[in-house]
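Student: here you go, sequence then predicted model.
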Amino acid sequence: MIVDIGIVAIKAFLVLFMVLNLAGVLGWVERKGSALIQDRIGANRASIFGFAGMGLINTLVADPLKFLTKEDFIPPAGDRFLHTLAPCLALFPALVTFAVIPFGDVLQIGERIINLQVADLNVGILYIFAMTSLGVYGLVIGAWASNNKFSLLGGVRGSAQMISYEVALGLSVIGILMVYGTLDLQEIARGQGTLIRDLLPDSWAFLKVAVGWLPAWGIFLQPLAFLLFFTAAIAETRRIPFDLPEAESELVAGSHVEYSGGKFLMFFAAEFAEIVTVAALVTTLFFGGWQVPYLMRDGFHFPWGGTLLLPHLAVVLLQVGAFTFKVILFCWLQILLRWSVPRFRYDQVMRLGWKMLLPAALVNVMITAFVILYIDSIP
């Protein structure tokens, strides 16, 4: 019992360590990446004994020190308790979401088999939506507790936007759940380790030859769902082109305009933790998760014949490395979009969510259901 608790604690520590550090590094990537896109130099002022590290000292040392040593300002007419609680409510859901995201298959040490997932829940996707939906409370409570009309407008905008896009976000995943037949994220990742030819009936010989060699990743089986999920997930994080709750030209800084110091740093960290969450979910649901094409537990098994056996530890390292690489890739893609796409108007954001994404998600669910029923009816 003590050993099991220790293993879970170690896994939780490693996951939180990775998420928080990646969120911090993403702050530097966004500053230098936006400078690269806009032909600027970016953060480069602060240094330690002349070493600036291309802005790393500026972003990862000087800025946190500045935030943590700033005055913790609370508006005189604001609610002190709720003003302090809101940043915690914003950061907490972004961190606990990773409890059910698998970052590998299994690690075998002697007779003990360790599932590379902090919490093994058979309803993991429902847990994800339950936790992410809590993020709206941090936004709204922080906006209201500040007693500022700009923050209140930002909170109202943010809550309406997040609730609107949660509908399309949830419906876009239904197709994936129907294809793999489970709510368990680890089982969804394992289901993407097969080939498409294993899912097709024998009568579809042409498709088996044409695309049967591809891995059964969600992106190949549910391409429309991927576009819908990724768009809705970016809207959930409230980043450009969906940053209407924080539109600087209209609302200064939106719901957290009255925040400073460590509390603002928590909102800032929550934003980048949400980026990592979106990247991890996209990786798990649509890009095989920790899967490497043709890599099984004992090594590579190629569809054209031949095998390459590998030690168990090498397979685990390849799986964890593949998951990490995919997550970093989608984090970079979100940062690239943030500095490449113009902001929508608020009415355009609402129209996109309710009149475009929602109907498209419903159509995708119906088409997926018809295809699965047709395939199941073939003898």
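Tutor: Yep, that arrived. Residues are numbered from 1 along each chain as shown.
Student: now the strands for the stretch 151-300 of the chain?
Tutor: 295-296, 299-301 (DSSP state E, counting those that start in this stretch).
Student: any idea which of those strands is most buried?
Tutor: Mean neighbour counts were taken over the strands of the stretch 151-300 of the chain using mean count of other CB atoms under 10 Å, and the top value, a mean of 18, falls to strand 295-296. C-beta here means a position set from N, CA and C on the backbone, and glycine is covered the same way.
Student: list the contacts of that strand.
Tutor: By CB atoms under 8 Å, 6 or more residues apart in numbering, the residues outside strand 295-296 that reach it are 193, 315, 318, 319.
Student: dump those into TSV; add secondary structure, distance to residue 63 and pLDDT as well.
Tutor: Shown next, in TSV, are these (DSSP: H, G, I helix; E, B strand; the rest coil; distance: CB to CB, whole Å; pLDDT from 0 to 100):
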residue	secondary structure	distance to residue 63	pLDDT
193	coil	41	87
315	helix	39	91
318	helix	35	93
319	helix	34	93
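Student: circling back to that earlier point, need the strands of the stretch 151-300 of the chain in TSV with distance to residue 9 and mean pLDDT, can you?
Tutor: TSV is the format used below for these (distance: least, CB to CB, whole Å; pLDDT from 0 to 100):
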stretch	distance to residue 9	mean pLDDT
strand 295-296	29	88
strand 299-301	31	87
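Student: now those strands in JSON lines, with distance to residue 366?
Tutor: Below are the strands of the stretch 151-300 of the chain laid out as JSON lines (distance: least, CB to CB, whole Å):
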{"stretch": "strand 295-296", "distance to residue 366": "34"}
{"stretch": "strand 299-301", "distance to residue 366": "36"}
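Student: among the ones you listed, single out whichever gets nearest to residue 333.
Tutor: strand 295-296 (23.8 Å; CB to CB).
Student: run me through the strand neighbours of the closest one, direction for each.
Tutor: Taking DSSP bridges as the criterion, strand 295-296 sits next to strand 299-301 (antiparallel) in its sheet.
Student: chain center to the helix or strand that comes right after the strand it pairs with: distance?
Tutor: Beyond strand 299-301 on the C-terminal side, the first helix or strand identified by DSSP states H and E is strand 307-309. Here strand 307-309 is found 33 Å from its chain centre; the criterion is CA atoms, centre = their mean, to the nearest Å.
Student: quick one: mean pLDDT for strand 307-309?
Tutor: Per-residue confidence for strand 307-309 averages out to 85 on the pLDDT scale.
Student: equivalent analysis for stretch 141-157, please.
Tutor: Averaged over stretch 141-157, pLDDT sits at 84.
Student: who's in contact with that stretch?
Tutor: Residues lying outside stretch 141-157 but in contact with it, judged by CB under 8 Å, 6+ apart, are 75, 77-79, 81-83, 85-87, 89-90, 139-140, 158, 244-246, 251-259, 267, 346.
Student: weed out the non-buried ones from the residues you listed.
Tutor: Buried residues within the contacts of stretch 141-157, defined by neighbour count using 16 or more other CB atoms under 10 Å: 78-79, 83, 85-87, 89-90, 139-140, 158, 244-246, 251, 253-259, 267, 346.
Student: next SSE after the helix or strand where residue 24 lies?
Tutor: Using DSSP H and E, the secondary-structure element containing residue 24 is helix 2-37. Elements were assigned by DSSP H and E; along the chain past helix 2-37, the next helix or strand is helix 56-57.
Student: now the helix or strand just after that next one: average pLDDT?
Tutor: Where DSSP H and E defines the elements, the next helix or strand beyond helix 56-57 is helix 63-69. Taken as a whole, helix 63-69 has a mean pLDDT of 85.
Student: after helix 63-69, which helix or strand is next?
Tutor: Once helix 63-69 ends, the next helix or strand along the chain (criterion: DSSP H and E) is helix 80-96.
Student: report the angle between the axes of that next one and helix 2-37?
Tutor: Using axes from the mean of the first three to the mean of the last three CA atoms, to 10 degrees, the inter-axis angle of helix 80-96 relative to helix 2-37 is 100 degrees.
Student: can you give the contact residues for helix 80-96?
Tutor: Residues outside helix 80-96 that contact it (CB under 8 Å, 6+ apart) are 16, 19-20, 74-75, 131-135, 137-139, 141-142, 144-146, 258-259, 263-264, 266-267, 269-270, 273-274, 276-277.
Student: residue 57 versus the nearest residue to residue 52 once chain neighbours are set aside, what's the distance?
Tutor: Excluding its sequence neighbours, the residue lying closest to residue 52 (CB to CB, 6 or more residues apart in numbering) is residue 44, at 5.5 Å. Relative to residue 57, residue 44 is positioned 9 Å away (CB to CB, to the nearest Å).
Student: more neighbours, these two?
Tutor: Under the neighbour definition other CB atoms under 10 Å, residue 44 and residue 57 were set side by side, and residue 57 has more, 20 against 16.
Student: pretty sure that one sits against residue 46.
Tutor: Yes - using CB atoms under 8 Å, residue 57 makes contact with residue 46 at a distance of 4.9 Å.
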